[in-house]
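> I need the structure of the sequence given here:
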Amino acid sequence: GKTTTAIKIVFRVKEKHNKRVLVASLDIYRPAAQEQLKVLADQAGISSLPIIEGQLPLDIAKRSIQAGTLQGSDIVILDSAGRMSIDENLMTEIAQIHENINPIETLLVADSLTGQDAVNVAKSFSQRIKITGIALTRVDGDARGGAALSMRAVTGCPIKIIGTGEKIEDIEDFHPERVVSRILGMGDVVSLVEKAKETIDEDEAQKLEKKLLKGQFDLNDLRDQLKQMRKMGGMSGLMTMLPGISKAKKQMADSNLNEKFLVRQEAIINSMTPKERIHVKLLNASRKRRIAAGAGVEIQDVNRVLKQFKQMSLVMKKMKKLG
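Got it, this is the predicted structure:
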């Protein structure tokens with residue numbers, strides 16, 4: 001997850017802090033590693049250093065600093081070669097690059113699932129190169145936060161960021177107390193609120209609020225809510241942050257109520273006509289059959305979405321009565 005983490009960091013710096021960033025791959029060993037970085041950078045709308053075949057890592061690093069200076073980049077991020085275990089040649093190469101470039105930050109990317117191996121690698125790197133912090137990937141389960149705590153204790157290096165999913169925005173600052181809360185099943189409401197602030201469109205939220213105050217709520221609104229939930233990490237992602245619901249999370253896993261469930265619901269609503277989304281009463285048996293065929297689901301699935309919508313509409317009406 002090293003190259004993906006590099007892109008996630010660049011994307012975050014660009015979007016959140018409005019900085020101009022250049023990213024470059026120094027990995028000339030893994031097949032298509034440089035091409036992978038370029039493709040990911042292009043997809044995210046990020047500048048990447050043009051690839052010159054046969055150039056050595058140190059020369060690429062020097063060229064990227066020159067290119068970043070000429071382009072007026074605020075930050076240059078170098079994605080070096082990596083190994084699953086300690087490698088003397090790689091260590092020497094990175095030490096050389098570190099000495100010549102003198103970076104402000106040197107982050108070691110470690111996979112939380114590799115456990116003790118990741119701790120050993122982190123310890124070796126911290127002894128050889130002055131790393132400023134650790135980026136821990138795949139910390140998207142309850143028990144996996146334990147690796148983060150072990151690594152911090154053994155190496156003395158601070159864990160600065162954690163990868164919490166596959167999407168480009170699934171990266172967070174590391175907060176020890178929040179990770180401990182998740183491990184203990186106490187939730188992480190602060191991170192949930194921060195995620196909501198980042199993903200929810202304020203204008204759209206205000207439009208929905210006005211509709212709700214008038215007692216109006218249609219299937220377009222339900223679809224928007226499903227999209228927001230997926231942006232925030234889906235049901236499983238949200239549940240790790242909510243306190244006291246580890247039991248409910250287990251029930252959700254047992255009932256197979258996963259991310260595919262949200263995608264399927266969205267597909268059902270998308271298979272409806274714009275008129276049907278606003279006027280639910282139009283949905284007779286033949287229309288439901290057409291919608292089910294369009295979404296690739298059973299009629300029961302369509303009825304389930306409509307039942308959910310009806311329950312939400314009743315709640316909205318009660319809210320309106322309460323003022």
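> When you work out contacts or count neighbours from here on, use the C-alpha atoms and nothing else.
Will do.
> For stretch 30-39, which outside residues touch it?
With Cα atoms under 8 Å, 6 or more residues apart in numbering as the contact definition, stretch 30-39 has outside contacts at 3-4, 7, 24-28, 48, 51, 81.
> let me fix that: stretch 40-49
Contacts of stretch 40-49 (Cα under 8 Å, 6+ apart): 4, 7, 10-11, 21-25, 37-38, 64, 67.
> Buried among those residues? Need that as a selection in PyMOL.
Of these, the buried ones can be selected in PyMOL as follows, counting by 16 or more other Cα atoms under 10 Å:
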select buried, resi 4+7+10+11+21+22+23+24+25+37+38+64+67
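> ok, the contacts of stretch 40-49 vs V121, which is closest?
T4 (19.2 Å; Cα to Cα).
> Now I52, what are its backbone angles?
Per-residue torsions, I52: phi -120, psi 110 (degrees, to the nearest 10).
> all strands of the protein, in order?
21-25, 47-48, 75-79, 107-111, 133-137, 159-163, 171-173 (DSSP state E).
> How far off centre is the second one?
I take that to be strand 47-48. In terms of Cα atoms, centre = their mean, to the nearest Å, the centre of strand 47-48 is set 21 Å apart from its chain centre.
> count of residues packed around L282?
By the criterion of other Cα atoms under 10 Å, L282 has 12 neighbours.
> From N220, how far off is K275?
Separation of K275 from N220 (Cα to Cα, to the nearest Å) stands at 10 Å.
> Would you mind listing where the stretch 151-300 of the chain has pLDDT under the threshold?
Applying pLDDT under 70 to the stretch 151-300 of the chain flags residues 178-202, 205, 208-209, 211-215, 232-259.
> Tabulate the contacts of stretch 30-39 in a markdown table, adding columns for pLDDT.
Putting these into a markdown table (pLDDT from 0 to 100) gives the following:
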| residue | pLDDT |
| --- | --- |
| T3 | 92 |
| T4 | 92 |
| I7 | 94 |
| A24 | 96 |
| S25 | 95 |
| L26 | 95 |
| D27 | 93 |
| I28 | 92 |
| S48 | 95 |
| I51 | 94 |
| A81 | 89 |
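> Dump stretch 264-271 to CSV, restricted to CA.
Presented in CSV, the C-alpha positions along stretch 264-271 are these (Å, rounded to 0.1, in the frame of the first residue of the first chain):
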residue,chain,number,x,y,z
ARG,A,264,-28.1,-2.4,-4.6
GLN,A,265,-30.5,0.1,-3.0
GLU,A,266,-29.0,2.9,-5.1
ALA,A,267,-29.3,0.8,-8.2
ILE,A,268,-33.0,0.1,-7.5
ILE,A,269,-33.8,3.8,-7.1
ASN,A,270,-31.7,4.6,-10.3
SER,A,271,-33.9,2.1,-12.2
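> Identify the residues contacting it?
219-220, 223, 226-227, 277, 291-292, 294-295, 297, 302, 305.
> now the residues you listed: which count as buried?
Neighbour counting with 16+ other Cα under 10 Å marks 219-220, 223, 226, 277, 291-292, 295, 297, 302, 305 as buried within the contacts of stretch 264-271.
> nearest to K207, of the contacts of stretch 40-49?
Taking Cα to Cα as the measure, K207 sits nearest to F11 out of these, at 28.7 Å.
> can you pull the contacts of the closest one?
Applying Cα under 8 Å, 6+ apart, the residues near F11 are 44, 46, 168-169.
> now swap in G294 and tell me
When contacts are counted by Cα under 8 Å, 6+ apart, G294 touches 268, 271.
> now do 6 Å
Contact partners of G294, counting by Cα atoms under 6 Å, 6 or more residues apart in numbering, are S271.
> Same check on the one 5 residues further on?
Residues near I299 by Cα under 6 Å, 6+ apart: A292.
> Report the buried members of the contacts of F11.
46, 168-169.
> The residue nearest to I65 when sequence neighbours are not counted: neighbouring residues, count only.
Leaving aside its sequence neighbours, I65 sits nearest to V76 (Cα to Cα, 6 or more residues apart in numbering; 6.8 Å). For V76, the number of neighbouring residues by other Cα under 10 Å comes to 23.
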